[in-house]
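Visitor: sequence and predicted structure, then a few things I'm wondering about:
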Amino acid sequence: MSLDAKPLAVDLFSGAGGLSIGLKNAGFHIVLANEIEEDFARTFMMNHSSTNLLCNDIHEIDFAEELNKMSIKNVDLVAGGPPCQGFSTVGARNEKDPRNSLFHEFLRAIAEINPHYLIFENVAGFYSMYNGATYRKLINELGELGYDTRSALLDGSDFGLPQIRKRTIVIGWKKGLSEVALPASTHFDGNSLFHLRQKLTLMDAISDLPALEANDAKFFYTKEPQNEYQYCLRNGAKNLTEHNSANYGPRMLEILSSIPPGGTVNDLPPRLTPKKCFANTYARLSPNQPVPTITRNFGTPSSSRCVHPFQNRALSTREGARLQGFPDTYIFYGSKVAKNLQIGNAVPPILGEVIAKEIIKASQRQREVSNSLDRNTVTSPFQARLGIQ
């Protein structure tokens, strides 16, 4: 194999493919992925055609067998985030939630694939949930499998995402390999001694998209990109897709038109105030700040803060994709509800990219160390695959 061959990765619980975008941007080739939800899997396949996707329950997958079918003996990276409903800080928290068993399937996959590196991604609440018991179990079991680890709570807005999105990240590497550093922040609030860029805001992400009325859709850009972020995410697209709004009834239109700038349900007149609601519902987003963490319901005004700062509607599907860092050329499959679910549940590509780049750096350091040792001893994770003896 040539020296410019890309390192190989497996993406578990791949969803719509946000993490895979990041891994690819960092330089990995995604050889295998799994996703059980059919709409998610269709989206993944339409955008990652070179990856072998298994649309199946992970409990039924023998990863060693699947890789053997592909004649792949060594995988450099396994990455993934098991569905996190049982760990989430939003809603009920249930340590016995059956979806938490997927955490154990992640560990089984690591044992079967035996990668040189791993990335575990989950909600912020995973780090401290159940007094940290599940987190400690993960670290201990990875140690028993032969991995050193490093973990942190990373915020996507620190790396150029126009959204406050905090995630628990665990990076692992085989004992004896060069350790992997955490990515350093590239964006910062306020003044910085390190000349970091200002964090991106909502309007930094969407100001080039045309205005929408209720029950409206636009299919063409009416402005040139206004900044580097918009230029990059357009990705050469000529036509605009997924930029649409719901068909609101008269009462909802009156509610939306009554929300002041930065306002919430608490600013509505009594006759329009719902009997039961949370304080951050029917709430306008701030145009000049990163948005709060978007959820699967970012297109629903009664959900957590998701109303456009100037227009009387919730965010469009394309605006949600922009805030997660998906390029405009990315194709989503399914209904509007299904597409918004895929976007809201995704790992922002930029998080995967900055973490994977640190793994690439560590492997390069390992290669330099190995080259200075006995050349009959292969210690670099990429050396054997690249034919370096």
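Guide: Yep, that arrived.

Visitor: measure stretch 285-294 end to end?
Guide: One end of stretch 285-294 sits 11 Å from the other (Cα to Cα, to the nearest Å).

Visitor: return the set of buried residues in it.
Guide: Within stretch 285-294, the residues that qualify as buried are 285, 286, 287, 289, 290, 291, 292, 293, 294, counting by 16 or more other Cβ atoms under 10 Å. (C-beta placed from N, C-alpha, C; glycine too.)

Visitor: same question for stretch 201-219.
Guide: Under 16+ other Cβ under 10 Å, the buried positions of stretch 201-219 are 201, 202, 203, 204, 205, 206, 208, 209, 212, 216, 217, 218.

Visitor: next, the residue most central in space within the chain: phi, psi?
Guide: Nearest residue to the geometric centre of the chain (Cα atoms, centre = their mean): residue 347, 1.0 Å. For residue 347, the backbone dihedrals (degrees, to the nearest 10) come out as phi -80, psi 120.

Visitor: could you find the closest non-adjacent residue to it?
Guide: Spatial nearest neighbour of residue 347, chain neighbours left out: residue 19 (4.1 Å); criterion: Cβ to Cβ, 6 or more residues apart in numbering.

Visitor: hmm, back to that, quick check, nearest of the buried residues of stretch 285-294 to residue 78?
Guide: In terms of Cβ to Cβ, no member of the buried residues of stretch 285-294 lies closer to residue 78 than residue 293, at 25.7 Å.

Visitor: can you tell me the closest non-neighbouring residue to that closest one?
Guide: Nearest residue to residue 293, sequence neighbours excluded (Cβ to Cβ, 6+ apart): residue 165, at 5.1 Å.

Visitor: identify the residues contacting the one you found.
Guide: Applying Cβ atoms under 8 Å, 6 or more residues apart in numbering to residue 165 gives the contacts 155, 156, 157, 293, 294, 348, 351.

Visitor: so how far is residue 370 from it?
Guide: Computed with Cβ to Cβ, to the nearest Å, the distance linking residue 165 and residue 370 is 37 Å.

Visitor: swap in residue 272?
Guide: According to Cβ to Cβ, residue 272 and residue 370 sit 68 Å apart.

Visitor: those two: which has the busier surroundings?
Guide: Applying other Cβ atoms under 10 Å to residue 272 and residue 370 shows that residue 370 carries more neighbours, namely 20 against 17.

Visitor: pLDDT at the more buried one, what is it?
Guide: On the pLDDT scale, residue 370 is placed at 74.

Visitor: over to it: give its phi and psi.
Guide: According to degrees, to the nearest 10, residue 370 has phi -60, psi -40.

Visitor: quick one: low-confidence ranges for the stretch 151-300 of the chain?
Guide: 191-194 (pLDDT under 70).

Visitor: tell me which stretches of it form strands.
Guide: 166-174, 187-188, 197-198 (DSSP state E, counting those that start in this stretch).

Visitor: about what we covered before: ok, the buried residues of stretch 285-294 vs residue 314, which is closest?
Guide: Distance to residue 314 across the buried residues of stretch 285-294 (Cβ to Cβ) is lowest for residue 285, with 9.7 Å.

Visitor: make sure the closest one is actually in contact with residue 304.
Guide: No: applying Cβ atoms under 8 Å, one finds residue 285 not in contact with residue 304, separated by 10.4 Å.

Visitor: what do the two both touch?
Guide: Common neighbours of residue 285 and residue 304, counting by Cβ under 8 Å, 6+ apart, are residue 292.

Visitor: and the helices in the stretch 101-250 of the chain?
Guide: Along the stretch 101-250 of the chain, counting by DSSP state H, counting those that start in this stretch, helices occupy 101-113, 133-144, 202-206, 228-234, 250-258.

Visitor: buried deepest among those helices, which one?
Guide: Ranked by mean neighbour count, the helices of the stretch 101-250 of the chain are led by helix 202-206 with a mean of 22 (mean count of other Cβ atoms under 10 Å).

Visitor: name the residues that touch that one?
Guide: For helix 202-206, the surrounding residues in contact (Cβ under 8 Å, 6+ apart) are 162, 227, 229-230, 233, 285-291, 309, 319, 322-323.

Visitor: again, only this time at 7 Å
Guide: Applying Cβ atoms under 7 Å, 6 or more residues apart in numbering, the contact partners of helix 202-206 are 162, 227, 229, 285-289, 291, 309, 319, 322-323.

Visitor: can you list contacts of stretch 102-113?
Guide: The contact list for stretch 102-113, computed with Cβ under 7 Å, 6+ apart, reads 10, 12, 58-59, 63-64, 67, 75, 78, 80, 82-83, 118, 120, 134, 141, 145.
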